[in-house]
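Participant: no sequence on hand, only this structure:
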């Protein structure tokens, strides 16, 4: 799930970068890239994977 969110954020950041646009001053391609990296890190760390605390049995 987090990997999908990261991919969407990276795609949106790329689109904004190519168009040279910002969404107001708060959302820039850099902030979207950093948010995408955060979600990618959460995905790699195993959060949201569907496995509980016990892991596999």
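Facilitator: Noted; the coordinates are in hand. Since the model is a prediction, treat every value here as computed from it, not as a measurement.
Participant: for stretch 38-49, what does the pLDDT average out to?
Facilitator: The predicted model gives stretch 38-49 an average pLDDT of 85.
Participant: and that stretch, how far out from the chain middle?
Facilitator: 9 Å (Cα atoms, centre = their mean, to the nearest Å).
Participant: residue 3 against residue 41, yeah?
Facilitator: No. In this structure, residue 3 is not within contact of residue 41 by Cβ atoms under 8 Å, at 10.6 Å. Placement of C-beta: from N, CA and C, glycine included.
Participant: please, where are all the helices along the chain?
Facilitator: 2-19, 29-45 (DSSP state H).
Participant: quick one: the longest one to chain centroid distance?
Facilitator: A distance of 8 Å separates the C-alpha centroid of helix 2-19 from that of its chain, computed with Cα atoms, centre = their mean.
Participant: where in the chain is pLDDT low?
Facilitator: When residues are selected by pLDDT under 70, those of the chain lie in 49-57.
Participant: any figure for the gap between residue 33 and residue 8?
Facilitator: Going from residue 33 to residue 8 by Cβ to Cβ, to the nearest Å gives 12 Å.
Participant: so those two - more neighbours on which side?
Facilitator: Set residue 33 next to residue 8 and count neighbours by other Cβ atoms under 10 Å: residue 33 wins out with 18 against 13.
Participant: which non-adjacent residue is nearest the more buried one?
Facilitator: residue 13 (4.8 Å; Cβ to Cβ, 6 or more residues apart in numbering).
Participant: the one you found touches residue 23, doesn't it?
Facilitator: No. Look at residue 13 against residue 23 with Cβ under 8 Å: they stay out of range, at 10.8 Å.
Participant: tell me which of those two has more neighbours.
Facilitator: Taking other Cβ under 10 Å, residue 13 and residue 23 do not tie; residue 13 has more neighbours (20 against 12).
Participant: ok, now which ones touch that one?
Facilitator: By Cβ atoms under 8 Å, 6 or more residues apart in numbering, residue 13 lies in contact with 29-30, 32-33, 36.
Participant: with distance to residue 18 as extra columns, can I get those residues in CSV?
Facilitator: Below are these laid out as CSV (distance: Cβ to Cβ, whole Å):
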residue, distance to residue 18
29, 9
30, 14
32, 13
33, 13
36, 16
